[in-house]
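output the structure for:
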Amino acid sequence: MLRRSVLAAFCTAGLSGCLRLTGDTAPSEERDTEGRMETENADDPPQRTPTESSEARTASDSQGLFASRSEAIGFAQSFAASGVSNPVSADGRANAELIRHGGGWGSSYGSGEQGGVYTTSDIRCEAISDDGVAFGGDSNRSLRIRNLTLGSEITFKPTSDSPVYQVNEWDIDPETEAVPPETISLEVGTDSEHVSISGTWTGDRDIFNTQAFCAYEVDLVEDGSRIGGTTPKVYGIRYNWGAKQTGDELYVTRQPSVDEEWIAELFVGENTFEAKARQKAEHVAEDDVFRVDLSAIDLDSGQYGWTLLIGTKQPTQRNKVIKLTPLNTGLILQ
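You can find the predicted model right below:
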């Protein structure tokens, strides 16, 4: 497919504001913010052969629309944390009891310093029983979140004057500041009503704010004793990142707590459910970046929205640990 010449400048406006994206789902489904079902098409777009070498185009691009390769790597690399020595650990119980990780996908996005973005995934759990689980008020039940990677924990106790709900789902949103929220969201009753419940936190308030990826378990506690809980699951919280492209490559921050076996994949288009194209990213751990070969994407020239999903395995849409969507930086294909 022939490409037209690029006429639009690459969007490099400063990042500002906070965009909240949450997908409400049933246990076996995942939907985007407009309610469309996510497909699991794992086919990559057809390859094309670039008409110029990557080095030659990078040299010319640095004089015009695009960053040089060193500039792009340097920008993305600048948001990577240093001194992270604790590996992600998923050691924990083998079976879930009463509650399990689930309830769909939610993320918070916010602008950071120096043109970066902070992205945080919600910790979401659901009742295993269709009847839900009593929580709130005089049920004397709390939620205890355990960070298995760092060996820390924190407990949420609802206010005593709150109603007792039959809860189907819990949504704990540390937001981009990675702090325990004042309220947590619940889906309750047979009508799946959404309510917020206030409470107090005790324990390590820095549990979410130490490194980008950790493994978490959530316990249901009654009168101080554990009565059920999830298996371990890895979440990405306060992932600090930036992205910049050359003519043929896109570079995105790779935090050092990313597992080398995980899969990073670029989805081109306004959402991952109806992607115009998709392309796997390369781990470049020594530079703290992901690299995406844009020359392998066969689309008409122009500016596109995009998302980078990082997942534990294929399909990345179903197994993601973080969803990186820029606030207002488009992808230029030429």
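
got any ranges where the protein has weak pLDDT?
For the chain, residues meeting the criterion pLDDT under 70 lie at 1-64, 85.

the domain parsing of it - what is it?
18-79+242-333, 99-111+123-236 (automatic domain parsing).

chain center to the helix or strand where residue 303 lies: distance?
Using DSSP states H and E, residue 303 sits within strand 302-304. Distance of strand 302-304 from its chain centroid, counting by C-alpha atoms, centre = their mean, to the nearest Å, is 23 Å.

same check on stretch 308-315?
10 Å.

ends of it, how far apart?
With C-alpha to C-alpha, to the nearest Å applied, stretch 308-315 spans 13 Å between its terminal residues.

picking up where we left off before, elements contacting the helix or strand following the strand holding residue 303?
Following strand 302-304 in sequence order, the next helix or strand is strand 306-311 (DSSP H and E). Strand 306-311 sits against strand 263-268, strand 320-324, with contacts defined as 3 or more C-beta pairs under 8 Å, 6 or more residues apart in numbering; DSSP states H and E. (Each C-beta comes from the backbone N, C-alpha and C, glycine too.)

would you reformat these as JSON lines and include distance to residue 242 and mean neighbour count?
Shown next, in JSON lines, are the helices and strands packed on strand 306-311 (distance: least, C-beta to C-beta, whole Å; neighbours: other C-beta atoms under 10 Å):
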{"stretch": "strand 263-268", "distance to residue 242": "15", "mean neighbour count": "22"}
{"stretch": "strand 320-324", "distance to residue 242": "10", "mean neighbour count": "23"}
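
looking at those strands, which is closest to residue 230?
strand 320-324 (15.4 Å; C-beta to C-beta).

what strands line up against the closest one, and which way round?
The strands that strand 320-324 pairs with in its sheet are strand 306-311 (antiparallel) (by DSSP bridges).

tell me what angle the strand it pairs with forms with strand 263-268.
Interaxial angle, strand 306-311 versus strand 263-268 (axes from the mean of the first three to the mean of the last three C-alpha atoms, to 10 degrees): 160 degrees.

next one: strand 306-311 to chain centre, how far?
Between the centre of strand 306-311 and the centre of its chain there are 8 Å (C-alpha atoms, centre = their mean).

that older thread, the strand holding residue 303 pairs with which strands, and in what direction?
strand 331-333 (antiparallel).

hmm, back to that, nearest to residue 84, of the helices and strands packed on strand 306-311?
Going by C-beta to C-beta, the one of the helices and strands packed on strand 306-311 nearest residue 84 is strand 320-324, 15.3 Å.

could you export the closest one as PDB, CA atoms only?
Listed next in PDB are the C-alpha coordinates belonging to strand 320-324 (Å, rounded to 0.1, in the frame of the first residue of the first chain):
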ATOM      1  CA  LYS A 320      -2.900  -6.800  30.600                       C
ATOM      2  CA  VAL A 321      -1.100  -5.500  33.700                       C
ATOM      3  CA  ILE A 322      -1.100  -1.900  32.400                       C
ATOM      4  CA  LYS A 323      -2.800   0.100  29.600                       C
ATOM      5  CA  LEU A 324      -0.700   3.100  28.400                       C
END
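
what residues does it touch?
Contacts with strand 320-324, where a contact means C-beta atoms under 8 Å, 6 or more residues apart in numbering, come from 105, 107, 117, 119, 121, 212-213, 234-236, 239, 241, 243, 252, 262, 272, 307-312.
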